[in-house]
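[1] give me coordinates for this.
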Amino acid sequence: MDATTITFEVLGPPVPQPRARWANGRTYTPTKNGIKVFKAAVALQAAAVARRAGWEASDGPHAIDIECVFERPPSHLTRSGELRTGSPSFPGMRAGDWDNLAKGAQDAITTSGAVWHDDTQVVDGRCRKRYAGCGELARTVVTITRLPDAAAS
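    Below is the predicted model of the structure:
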């Protein structure tokens with residue numbers, strides 16, 4: 001790992017940021033899907049890894065790569081635990097929109113205060129979702145790169 005890139009992972013199923021709802025004349029964000037716990041875990045990991053790398057919050061541009069690995073449903077596996085022929089490689093709609101998966105992670109990194117001041121500083125990004133391979137755990141893997149003029153700030 002070089003000084004311009006950090007990588008961390010959060011074990012457990014990735015959680016998409018729910019869309020805001022409107023009720024009784026006000027907006028709110030539902031939290032039943034576990035987004036609060038997920039965001040807290042992302043913020044803690046981001047802060048810990050940034051601290052170990054000697055990072056302080058930057059005002060410059062960043063790139064982010066997020067890989068969301070989902071546990072396979074039991075119907076994808078045989079009794080012996082092997083992958084059934086024809087099982088899909090990628091999760092469908094129930095896993096959440098890829099942009100909502102990225103939104104929750106980016107918001108949590110902002111909250112950590114250890115990487116950037118605002119997620120508007122992310123100028124390049126990618127978010128992928130896939131099913132775990134046999135024996136692989138569900139998790140979210142985040143790689144953040146400080147772009148050249150961010151390293152000087």
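[2] center of this structure, which residue is that?
    residue 105 (4.2 Å; CA atoms, centre = their mean).
[3] give me the secondary structure label for that one.
    Here residue 105 is helix, with the state taken from DSSP: H, G, I helix; E, B strand; the rest coil.
[4] isn't it right up against residue 42?
    Yes: in this structure, residue 105 is within contact of residue 42 by CB atoms under 8 Å, at 5.3 Å. The C-beta positions use only the backbone N, C-alpha and C, and glycine is treated the same way.
[5] what is in contact with these two at once?
    140, 142 (CB atoms under 8 Å, 6 or more residues apart in numbering).
[6] which single helix of this protein contains the most residues?
    The residue-count maximum for a helix in the chain (DSSP state H) belongs to helix 35-52.
[7] now do the helices in this structure.
    So, for the chain - with DSSP H - the helices run 35-52, 98-112, 148-151.
[8] hey, least reliable of those helices by pLDDT?
    Mean pLDDT is lowest for helix 148-151 among these, at a mean of 66.
[9] how many neighbours does residue 98 have?
    17 (other CB atoms under 10 Å).
[10] about what we covered before: pick the most buried one from the helices of the chain.
    Of all those, helix 98-112 carries the top mean neighbour count, a mean of 21, counting by mean count of other CB atoms under 10 Å.
[11] who touches that one?
    Under CB under 8 Å, 6+ apart, the answer for helix 98-112 is 14-19, 35, 38-44, 46-47, 50, 64, 66, 68, 95, 115-119, 122, 125, 127-129, 140, 142, 144.
[12] skipping adjacent residues, who's closest to residue 118 in space?
    Of all residues not flanking residue 118 in the chain, residue 110 sits nearest, at 6.1 Å (CB to CB, 6 or more residues apart in numbering).
[13] go on, residue 146?
    Nearest residue to residue 146 in three dimensions, chain neighbours excluded: residue 4, at 4.7 Å (CB to CB, 6+ apart).
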